[in-house]
Structures are given as C-alpha cells and as structure tokens.
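> task: produce atomic coordinates for the following.
(one chain, ligands or ions: 2)
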Amino acid sequence: MSNGISSQTPRIVAIANQKGGVGKTTTAINLGAALVEQGKRVLLVDLDPQGNASTGLGIEPDMRENTTYELLLDDASLQDVIQESSVRNLDIVPATVDLSSADIELISNEKRSHLLFDALRQPAMSDYNYDYVLIDCPPSLNLLTVNAMVASHSILVPLQSEFFALEGLSQLMLTIREVRQTANPDLRIEGIVLTMYDSRNNLSQQVEEDARDNLGDLVFKTIIPRNVRVSEAPSFSMPVLEFDGTSKGAMAYRALADELLKKHERVAA
Ligand code: ADP
Ligand code: MG
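Ligands and ions are numbered 1, 2, ... in the order given. So this is what the prediction gives:
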C-alpha cells in the first residue's frame, strides 16, 4: 500500500520534464488549485530556481526568506519554509535563484539525493494534513530533479503538443528507471498529460496519436488546450481557476484533477 493515500502521508507527485516551457509550472499551480476545489489540502514545493510557481501564486521575491534551498540544506524547518499562497488550502515552499547553486554545493554530501525525501518526511509534516504534495521540477535532469524523484510516489509528465515532444521522454524514463533501481523502487509514472493542445493544428493531433500509440494508458484522457487565459493568470498571481473559472483552461485542469482523484480512489480501494 505504499502508494495508497493514508491520513498521515500525503501523496507526493513530482511534475517533471527536462524540457523548459512544456507546462510544468502551469500544471503544478492549476492542478493544485483544482485539487483544492475538490476539498483537498495541497502543498506545492517550488524546486525550480526560476521560482515561477512562487511568483504565479503571489509570493513576491521579498517574501522568500526561507525557501526550498534552506529546506534541502536543513537550514530551516518545515514550519519556517511553508507559506500560505493566494489560494486557501494551497500552501507553498517558495524558491529563489539560490537553488541553482545547490547542485554543486551538495556534490560531496552523501545524502545529496535524499534531502527532499527527508525534508518531506519530518514528523511535523503530519500536522499539516496535506493530501497532496506537488513538486514543480526545474527543466533539467539534475540533482534537484533526482531529489524530487526520490521523494515522490509518482511522476506526472506534461508533454507539449508540438514537434519533438516525445524526443526527450526516453531520457526521462531512463532517469526514472535509475532512481527506481537505486533509491525508490516504488516510483510510479502518474501519467503523461498533453498540454497547450490546439485542436485546429494537425501537429497537436499527430503528437496525441503518437503518444497514445506509444504510451497507451499512461496518457491522461484529459488534454489541456492552449488557452490565453491560462497564460494571463500568473501575472495576476492567480491560478486560472480563480482568474477565469469558466475558461477552457480552468475546465481542463478540473477534469485533470478529477481523473487523477478517480485513479487514486481505484488504487486505494
Ligand atoms: P515549464 O514550467 O515547463 O517551463 P510553464 O508552465 O512555465 O512551463 O509554461 C511555459 C509558458 O507557456 C508560460 O508562459 C505559460 O503561461 C504558457 N502556458 C502553459 N500552459 C498553457 C496553456 N494551456 N495555454 C496557453 N499558454 C500556456
Ligand atoms: Mg517551470
């Protein structure tokens, strides 16, 4: 039952793809917000030095004194790094550019791959009663992403509906396999979600067909369409679900949360 949801242990899902601009941060924010709408309590861990998830949820740079960096280095407790975001029941551990040096600074640390695992399993974690922890990974397969994979129950992979979308996947799968062999044998693939889909574009349809042919049930039925409201929301420090709750983007992220929750109910049953 290591992947079932118990009352003490939140389900930890890393949102990863080493390509930049594929919709990782957008998915972390909006899937998080959609899970909250369903009554869940969610923690978003910003593991990208760019800190886009932090910004998108209204945590300005001057509010980022204690961040994922301090959490990884054990320089701050969970209580110190967790902040409430602009959305109730969606908390966040923010990130700053400091995190970009962690890769090098940690190289001689024996536990370097397990730092996030340890941080998220502190006894204080259970005080928060989170149902989900979503980790927004950087666009790289570096030590930070490995930390996310070691700490997580599963990986959710956003796949941008454009040419070459599937190209980087084999490298990502190799890294997942390595992490399974060395540190986290139960690591699952939560699913692959097609993002920025344009139904008028043949290329989007082709990517979908290829993904479903090659990856089968791993691909979520829900597709996230390209929707300008989704890209506007972060500059208002809001998920699109709050910025424009009836937009196509908001509806799609609600459907994705539904699909994820149904999967987990089946696993837990
Ligand atoms: P990543 O975290 O993988 O680098 P982002 O989530 O930051 O990717 O998305 C990259 C860019 O694409 C951002 O400007 C974001 O606002 C935009 N974007 C993401 N998803 C959508 C969508 N469904 N429709 C329109 N724009 C999107
Ligand atoms: Mg990002």
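> which bits of the stretch 101-250 of the chain sit near ligand 1?
139, 195-196, 224, 226-227, 230-231, 249 (C-beta under 6 Å from any ligand atom). Using the backbone N, CA and C atoms, a C-beta is placed for each residue, glycine as well.
> out of those residues, which end up buried?
Buried residues within these, defined by neighbour count using 16 or more other C-beta atoms under 10 Å: 139, 195-196, 224, 226-227, 230, 249.
> among those residues, which lie within strands?
residue 195 (DSSP state E).
> pLDDT and distance to residue 169 for the buried ones among the residues of the stretch 101-250 of the chain next to ligand 1 - can I get that in a markdown table?
Compiled in a markdown table, those are given as follows (pLDDT from 0 to 100; distance: C-beta to C-beta, whole Å):
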| residue | pLDDT | distance to residue 169 |
| --- | --- | --- |
| 139 | 97 | 14 |
| 195 | 97 | 14 |
| 196 | 97 | 16 |
| 224 | 98 | 17 |
| 226 | 97 | 20 |
| 227 | 97 | 24 |
| 230 | 98 | 23 |
| 249 | 98 | 24 |
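> show me where the stretch 151-269 of the chain has its strands.
Along the stretch 151-269 of the chain, counting by DSSP state E, counting those that start in this stretch, strands occupy 154-160, 188-195.
> scratch that, the stretch 1-150 of the chain
Counting by DSSP E, counting those that start in this stretch, the strands of the stretch 1-150 of the chain are 11-15, 42-46, 83-84, 90-93, 132-136.
> returning to that earlier point: the residues of the stretch 101-250 of the chain next to ligand 1 also near ligand 2: which ones?
Counting by C-beta under 5 Å from the ion, nothing from those sits close to ligand 2.
> tell me which residues of stretch 160-171 come out buried.
160-162, 165, 168-169.
> ugh, wrong one, stretch 183-201
So, applying 16+ other C-beta under 10 Å, buried residues of stretch 183-201: 183-184, 187-188, 190-197.
> repeat that for stretch 134-147.
So for stretch 134-147, counting by 16+ other C-beta under 10 Å, buried means 134-139, 141, 143-147.
> return the list of helices and strands in contact with the longest helix seen in the chain.
Across the chain, the helix with the greatest residue count (assigned by DSSP state H) is helix 248-268. Applying 3 or more C-beta pairs under 8 Å, 6 or more residues apart in numbering; DSSP states H and E, one finds that helix 248-268 contacts helix 24-37, strand 188-195, helix 228-232, helix 240-243.
> what are the contacting residues of the shortest one?
Read that as helix 240-243. 30, 33-34, 37, 86-87, 227, 229-230, 232-233, 236, 247, 249-250, 253-254 (C-beta atoms under 8 Å, 6 or more residues apart in numbering).
> which phi and psi does residue 85 have?
The phi and psi values for residue 85, taken as degrees, to the nearest 10, are phi -100, psi -170.
> residues in contact with it?
Residue 85 neighbours (C-beta under 8 Å, 6+ apart): 44, 57-59, 91-92.
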